[in-house]
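Student: please work out how this folds:
(one chain, ligands or ions: 1)
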Amino acid sequence: MDKKRFYITTPIYYPSAKLHIGHAYCTTLTDIFARYKRLRGFECYFLTGADEHGQKIEKNAAAAGKSPQQFVDEIVEGFHKLWKLLDISNDDFIRTTQDRHVKVVQDIFSKMLAKGDIYLGKYKGWYCTPCESFWTDTQVGPDHICPDCGRPVQVAEEEAYFFKTQKYVDSLLKFYEENPKFLTPESRKNEMINTFIKPGLDDLCVSRTSFSWGIPIRENEKHVIYVWLDALTNYITALGYDSEHPELFNKFWQDPECETIHILGADITRFHAIYWPMFLESLGLRKPDRELIHGLLMMRNSKMSKSKGNVVDPYPLVERFGVDAVRYYLAREVTFGQDGSFTPEQFVERSNTDLANALGNLLNRTVSMINKYFGGVIPAYQGRLNSVDGELESVIQTSVKQYENLLDDLKITEAITAAMDIVNRANKYIDETTPWVLAKDPEKEKELASVMNHLATALFTAGMLLKPVLVTASDKLFAQLGLNPEEVSYEKVYDVTFLGGQTVNKGEQLSPRLDATIEVPFIQYLMAGNQ
Ligand code: ME8
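Tutor: Presented below is the predicted three-dimensional model:
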């Protein structure tokens, strides 16, 4: 990990309906990584946004009696509110209806057309006449039924532009070979090759004439640019590619000293892993360094999706349980790269076990004991007085190393586990050292001081490692240890001796214990669509 700076992105989500917990999952993971890199002193530019064109949005807007722009404006307002509530630290928010994007996408199309990478042909698909929509084989299924209205569809053709994928297949395969870290999990690479590339990749349709809510093609105004060429290019238009201000683009895309990372869900891997590198090559630009494919959250055994209406709205969840509990759950509960599920029981259990019991209690007990035995002042480091001091210190040091290695490789779930190892070891350390017994014997004062100092160090270190996740609790923890959250630096995690002399402040509980008999039904009520 020797790059100087990082560019990290989420997919740009469709504002066809409100966002759900799956979108919050992806954005929270991306935010944790961005915050971690900044905490380590790196420059990190974090982009998210909205993918605002397309037929579905045009239709949903019409159904709501609104213009498409008015419709997306309102939904995107909700995106901003949710990201603010979840304390997402994005540097920019791109909307594909913004001039800075529209103009550049038109230029990109023109360049590809002039180069011969895009040609005019015929798009053949399943067409639903009442809905005026084309559908793919998968969408219409074996019965050839329109997924929207349920009526039979017919094969139809329309004039459309296509991107010549075959021209770039060999160099894509070479790129995969030469960049084994490009796709994570690695298994995705074989999936791309075996499922899509080997059977023969069709040219990609990049325009439509059957709807108008899209970016018009300058050379042929009855066509609009069809979603993926419009959507994927957001990652560079947001940085000012092909504009009068290409500074960010040069710094965060073209410069090999910057690592470019896309985080996305398994549902859109094909577009990012196959077509995006091809588009970039056609434009003569650098390809992204890494694409991290996360699993999808399922609901009642089926994928949660806006169109299925089986979604968990993160907004009321954060309002009730706070930003830390929701961020922690998302990052900790579902192992990155695997599918997971959201259940109210697991949510309450995870918050109670890790945040209220393990971390919250450790802080409470430590601050109370420092108050009781040392008048509220953290005793200085006394050295390693015995084997348990040594063990706790070595768990702290190993966990810090593991955490960094894991997070550098975007293994967020495992990195959090490494941070929590410190908390769990420290709780055990209290049982082993029995400070309440030491306190009875004046000759054991040095030992007691050492125990308090070690506990405070363990808490500080865990709090710092968890800071990218627990955006409010970590600072509260520092304040309770008498440290100024604004001044305390990450580098201190390498120093187990620096605490001593700070005056602790007993504050409110970091994370309240949730009563499952009340909170589980509450979340179930939200999930049933009552908000
Ligand atoms: O695909 N579990 O937008 P989208 C976890 N506009 N993550 C989920 C999820 C779930 N059940 N459902 C969605 C689009 N996501 C395009 C993207 S990018 C150039 C264009 C997350 O609103 C996940 O990250 O359907 C997924 O890839 C993304 O939302 C899709 O969002």
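Student: C-alpha from now on. contacts and neighbour counts both.
Tutor: Will do.
Student: tell me where the stretch 201-350 of the chain has strands.
Tutor: Using DSSP state E, counting those that start in this stretch, the strands of the stretch 201-350 of the chain run over 204-205, 207-208, 224-225, 258-265, 290-294, 297-299, 302-303, 340-341.
Student: closest to residue 151 out of these?
Tutor: Closest of the strands of the stretch 201-350 of the chain to residue 151 is strand 207-208, at 22.0 Å (criterion: CA to CA).
Student: other residues contacting the closest one?
Tutor: Residues from elsewhere that reach strand 207-208 (CA atoms under 8 Å, 6 or more residues apart in numbering): 158-162, 223-226.
Student: from those, which would you call buried?
Tutor: By neighbour count, with 16 or more other CA atoms under 10 Å, the contacts of strand 207-208 hold 160-162, 223-226 as buried.
Student: which of the strands of the stretch 201-350 of the chain comes out lowest on mean pLDDT?
Tutor: Mean pLDDT per stretch puts strand 302-303 lowest among the strands of the stretch 201-350 of the chain, at a mean of 64.
Student: output the below-cut-off pLDDT ranges for this protein.
Tutor: 1, 299-310, 530-531 (pLDDT under 70).
Student: how is it partitioned into domains?
Tutor: If you go by automatic domain parsing, the domain ranges for the chain are 5-311, 343-494.
Student: distance to residue 513 for those - can I get that in JSON lines?
Tutor: As requested, those are exported to JSON lines (distance: least, CA to CA, whole Å):
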{"stretch": "domain 5-311", "distance to residue 513": "20"}
{"stretch": "domain 343-494", "distance to residue 513": "5"}
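Student: so for the ligand, which of these sits nearest?
Tutor: domain 5-311 (3.2 Å; CA to the nearest ligand atom).
Student: is the closest one positioned near the ligand?
Tutor: Yes. Counting by CA under 6 Å from any ligand atom, the ligand is contacted by domain 5-311 at 11-14, 22-23, 26, 51, 231-232, 264-265, 267-268, 296-298, 303-305.
Student: separate out the buried members of those residues.
Tutor: For these, buried by 16+ other CA under 10 Å: 11-14, 22-23, 26, 51, 231-232, 264-265, 296-298, 303-305.
Student: so which of the domains of the chain is nearest residue 521?
Tutor: Ranking those by proximity to residue 521 (CA to CA) places domain 343-494 first, at 8.0 Å.
Student: and the domains of the chain: which comes nearest residue 332?
Tutor: Closest among the domains of the chain, using CA to CA: domain 343-494, at 4.8 Å.
Student: would you mind measuring the gap between the ends of the closest one?
Tutor: Length of domain 343-494, first residue to last, CA to CA, to the nearest Å: 37 Å.
Student: centre of the chain to it, how far?
Tutor: Centroid separation for domain 343-494 versus its chain: 27 Å, with CA atoms, centre = their mean, to the nearest Å.
Student: number the chain from 682, please
Tutor: OK, 682 is where the count begins now, so the last one is domain 1024-1175.
Student: and residue 886, what does it touch?
Tutor: Taking CA under 8 Å, 6+ apart, we find residue 886 in contact with 804, 841-844, 907.
Student: oh sorry, the question was meant for residue 803
Tutor: Contacts of residue 803 by CA under 8 Å, 6+ apart are 838-842.
Student: quick one: check stretch 1020-1029 for contact with the ligand.
Tutor: No. Figure legend: stretch 1020-1029 not in contact with the ligand (CA under 6 Å from any ligand atom); closest approach 7.8 Å.
Student: so for that stretch, what gets flagged as buried?
Tutor: Going by neighbour count (16+ other CA under 10 Å), the buried part of stretch 1020-1029 is 1021-1025, 1028-1029.
Student: which residues touch that stretch?
Tutor: Defining contact as CA under 8 Å, 6+ apart, one finds that stretch 1020-1029 is touched by 975-980, 1010, 1015, 1195-1197, 1200-1201, 1204-1205.
Student: now residue 829: how far from residue 864?
Tutor: As judged by CA to CA, residue 829 and residue 864 stand 33 Å apart.
Student: now residue 785: which helix or strand?
Tutor: In this structure, residue 785 sits in helix 780-796 according to DSSP states H and E.
Student: following that helix, which helix or strand comes up?
Tutor: Using DSSP H and E, the helix or strand that follows helix 780-796 towards the C-terminus is strand 799-809.
Student: between helix 780-796 and that following strand, find me the angle.
Tutor: 110 degrees (axes from the mean of the first three to the mean of the last three CA atoms, to 10 degrees).
Student: how about strand 799-809: buried residues?
Tutor: Neighbour-count burial for strand 799-809 flags 799-800, 804-809 (criterion: 16+ other CA under 10 Å).
Student: stretch 813-833 now?
Tutor: Buried residues in stretch 813-833 (16+ other CA under 10 Å): 814-816, 821, 825-827.
Student: just the terminal-to-terminal distance for that stretch.
Tutor: End-to-end distance for stretch 813-833, by CA to CA: 13 Å.
Student: chain center to it: distance?
Tutor: Taking CA atoms, centre = their mean, the mean C-alpha location of stretch 813-833 is offset from the chain mean by 32 Å.
Student: ok so, going back, which other helices and strands contact the helix holding residue 785?
Tutor: Secondary-structure packing of helix 780-796 (3 or more CA pairs under 8 Å, 6 or more residues apart in numbering; DSSP states H and E): strand 799-809, helix 915-918.
Student: apply 6 Å and report the result again.
Tutor: Helices and strands touching helix 780-796, as assessed by 3 or more CA pairs under 6 Å, 6 or more residues apart in numbering; DSSP states H and E, are absent.
Student: and for it, what's in contact with it?
Tutor: When contacts are defined by CA atoms under 6 Å, 6 or more residues apart in numbering, helix 780-796 is touched by residues 799, 918.
Student: related to what we said a few turns ago, which two of the buried residues of stretch 813-833 have the greatest separation?
Tutor: 814 and 825 (13.2 Å).
Student: pull the residues that contact stretch 806-818.
Tutor: For stretch 806-818, the external contacting residues (CA under 6 Å, 6+ apart) are 834-837.
Student: can you pick the most crowded of those?
Tutor: residue 834 (22 neighbours; other CA atoms under 10 Å).
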